[in-house]
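# Predicted model and sequence below, questions to follow.
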Amino acid sequence: MSDHRAECPGPPRPRVVVRGGGSIGLRHLRVFELVGADAALWPVRARTSPSGGTTVRFLDDSTGPAALAAASLVVVATDTGRHVADAIEALDAGAGRVLLEKPAAPSRAAAEPLAAHRRAAEVWVAAPLRAHEGFRHLLTQVGAIGRPLFAHVRCQSWLPDWRPDRDYRESYSARADEGGVLRDLVHELDYAEVLLGRPTLLGAGLDHTGPLEIEAEQAATLLWRTDLATVTCRLDYVTRPTTRGIALHGPDGSLEWDLPTATVTRRDAAGNATTETFAADLERDTVMATQARAALELTPDADRAQRHTAGAPATLAEGLATLELCDRARAMS
């Protein structure tokens, strides 16, 4: 008897269009191919060769619109100032869903056309920190150290080190209307809200002066309160060496998630420490692949616990909530 299994077609591969050919767009392209999608790249500016020696299926302004209509998912990884327009174009063309890079827009007001769109519920906002195994473990532990909680969120680094081959002063991070730490590091605000609840901002200070020659803010220090915790947050481009993570303190112990070492340390009330390491979190493509699978397999209206367990991106409503927090911080500073 012959084996007909090889002749049986498998399930169709999800079609993904990545809009924008910068470094994050190319990473999305590579990661979606890694998880089995039929991915194509539609750069804003024409490209003549693929990056990294991979075979890339390019789209252009003549082939891109039809590809949007047939796509299961469109990743919008263009400049922040055109995120909303590119997302609406994909939704209007008939794309199944949109995964929008962070931040969703330069401000909450700028995002209103997308928020009001009839298909706004089919938009994800990238939030890869939610896909870290360490963060998902932290979510299961935060109830174990009692209430009330004090938390300190930090993401501090040296902007010129981000892309050593480029002048940081020419990057989007330096632009007052698209960059700055509040927009660039908005992932920290997003995961803090997942962990601790909706914030009420109590204070904010933004620093526009410092060692860097940029128009955008170089540092931001925020204080807010939630139903579970009082939270301080420091985001900056002006610190070496890099430090990133969150420390939580309660009456029954403490927790610390340290991203550079991919560890979560729990201390009990007596100070006895247990540290777990999540080595997969050190591989950025692995983390992004977790997010990519969830974006393809779930919908933004899926149960909150299901989304968090899968490491899914933020919903548009959640992405807009972090924009509102950033707007309030700018207004308060």
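Arrived safely. Here the structure is a predicted model, which is why all the values come from computation and not from measurement.
# what sits up against stretch 146-158?
Defining contact as Cβ atoms under 8 Å, 6 or more residues apart in numbering, one finds that stretch 146-158 is touched by 142, 181, 185, 188-189, 192, 195-196, 228-240, 242-253. Glycine gets a C-beta too; all of them are placed from N, C-alpha and C.
# So what's the gap between that stretch and the chain middle?
On the basis of Cα atoms, centre = their mean, to the nearest Å, stretch 146-158 is displaced by 18 Å from the centre of the chain it belongs to.
# and what of stretch 305-321?
Relative to the centre of its chain, stretch 305-321 is centred 10 Å away, using Cα atoms, centre = their mean.
# what about that stretch, how long is it end to end?
In stretch 305-321, first residue to last residue: 19 Å (Cα to Cα, to the nearest Å).
# Outside of that stretch itself, which residues are in contact with it?
Stretch 305-321 is touched from outside by 99-100, 102-104, 108, 111, 114-115, 120-121, 123-128, 130-132, 136, 139, 190, 193-194, 198, 287, 290-291, 293-295, 297-298, 300-302, 322, with contacts defined as Cβ under 8 Å, 6+ apart.
# With stretch 114-124 instead?
Under Cβ under 8 Å, 6+ apart, the answer for stretch 114-124 is 84, 87-88, 91, 96-100, 104-105, 295, 299-301, 312-316, 320.
# Among those residues, which lie within helices?
If you go by DSSP state H, the contacts of stretch 114-124 have 84, 87-88, 91, 295, 316, 320 in helices.
# hmm, back to that, is it possible to mark the buried ones in the contacts of stretch 305-321?
99-100, 102-104, 108, 111, 114-115, 120, 123-128, 130-132, 136, 139, 190, 193-194, 287, 290-291, 293-295, 298, 300, 322 (16 or more other Cβ atoms under 10 Å).
# Check which element follows the longest strand along the chain along the chain.
Identified as the longest strand of the chain according to DSSP state E is strand 238-250. Later in the chain than strand 238-250, the nearest helix or strand by DSSP states H and E is strand 253-258.
# Can you name every helix or strand that that next one contacts?
Packing contacts for strand 253-258, counted by 3 or more Cβ pairs under 8 Å, 6 or more residues apart in numbering; DSSP states H and E, involve helix 133-141, strand 238-250, strand 263-268.
# Can you spell out which helices and strands pack onto the last one?
Yep, that's strand 263-268 we're talking about. Short answer (3+ Cβ pairs under 8 Å, 6+ apart): strand 263-268 packs on helix 133-141, strand 253-258, strand 273-277.
# who's in contact with the residue most central in space within the chain?
Central residue of the chain (Cα atoms, centre = their mean): Ala127, 2.6 Å from the mean position. By Cβ under 8 Å, 6+ apart, the contact set of Ala127 is 102, 187, 190-191, 291, 313-314, 318-319.
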